[in-house]
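Visitor: Take this sequence and fold it.
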Amino acid sequence: MSPISIGSGIRRRILLIGSVLVIGAACTAGATGLPQIIHARQNHFRMLGRIAKSLRDQVGRSHPNWRIVANDANRIERLASALPSWFPAGSGKGHGVKTRARAAIWANPQAFTLAARTLLDRARYLGQAADGHDLRALRLRTRGLGQACDSCHRRFRARGSWW
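Guide: Okay, here's the model as predicted:
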């Protein structure tokens with residue numbers, strides 16, 4: 001393993017731990033901590049995007065590094081399990097922080113929770129394919145994971161100005 005990959009893994013862990021600490025501090029701070037909650041949520045999604053890219057890079061190879069695939073699948077699963085907690089009531093727009101979260105998240109929390117649960121289930125299926133070193137299943141399940149992400153984005157995320 002190269003020193004660069006070790007360093008980036010450590011940086012990711014530090015970002016994750018820092019984000020969790022920010023959310024914890026923001027939750028105890030009450031309404032004044034909502035901008036921090038939104039920033040932490042955005043950092044979580046950036047991290048999720050980087051992990052998904054790493055996974056896609058491995059899936060595109062004829063001989064993926066199964067250790068990286070398993071690690072990425074585990075990290076996606078952990079983040080997916082925490083995802084509903086990133087959206088506490090009242091953490092939508094209007095707090096001086098730009099966010100693409102739609103009001104539908106809070107207006108229909110059951111649908112949002114179900115979408116998050118679908119992502120979590122797909123992440124678990126992905127981990128099973130990684131554990132079995134089954135490239136065909138990995139590719140299919142990675143596609144399913146992407147579909148779960150896309151489905152949630154279409155329903156609960158506003159489009160950015162660059163689209």
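
Visitor: use CA for all of it now, contacts and neighbours both
Guide: Fine.

Visitor: Helix or strand: which one has the residue nearest the centre of the chain?
Guide: The residue lying closest to the centre of the chain (C-alpha atoms, centre = their mean) is Leu48, at 3.6 Å. According to DSSP states H and E, Leu48 maps onto helix 34-59.

Visitor: okay, now the spatially closest residue to the residue nearest to the centre of the chain that is not a sequence neighbour: neighbour count?
Guide: Among residues not flanking Leu48 along the chain, Ile76 sits closest, at 6.6 Å (C-alpha to C-alpha, 6 or more residues apart in numbering). Using other C-alpha atoms under 10 Å, Ile76 has 26 neighbouring residues.

Visitor: Quick check: Ile76 is in a strand.
Guide: No: Ile76 sits outside any strand when classified using DSSP: H, G, I helix; E, B strand; the rest coil, being helix.

Visitor: wait, isn't it in contact with Ile51?
Guide: Yes: counting by C-alpha atoms under 8 Å, Ile76 touches Ile51, with 7.1 Å between them.

Visitor: May I see the buried residues of the helix holding Leu48?
Guide: Within helix 34-59, the residues scored as buried using 16 or more other C-alpha atoms under 10 Å are 34-44, 47-48, 51-52, 55-56, 58-59.

Visitor: can you pull out the strands in this structure?
Guide: For the chain, strands defined by DSSP state E do not occur.

Visitor: which stretches of it have low pLDDT?
Guide: Residues of the chain that meet the criterion pLDDT under 70 lie in 1-32, 160-163.

Visitor: switch to 90 and redo it
Guide: For the chain, applying pLDDT under 90 flags the ranges 1-33, 90, 92-99, 158-163.

Visitor: hey, where'd the helices end up in it?
Guide: Remark: helices assigned in the chain by DSSP state H are 3-29, 34-59, 66-82, 104-107, 109-131, 135-156.
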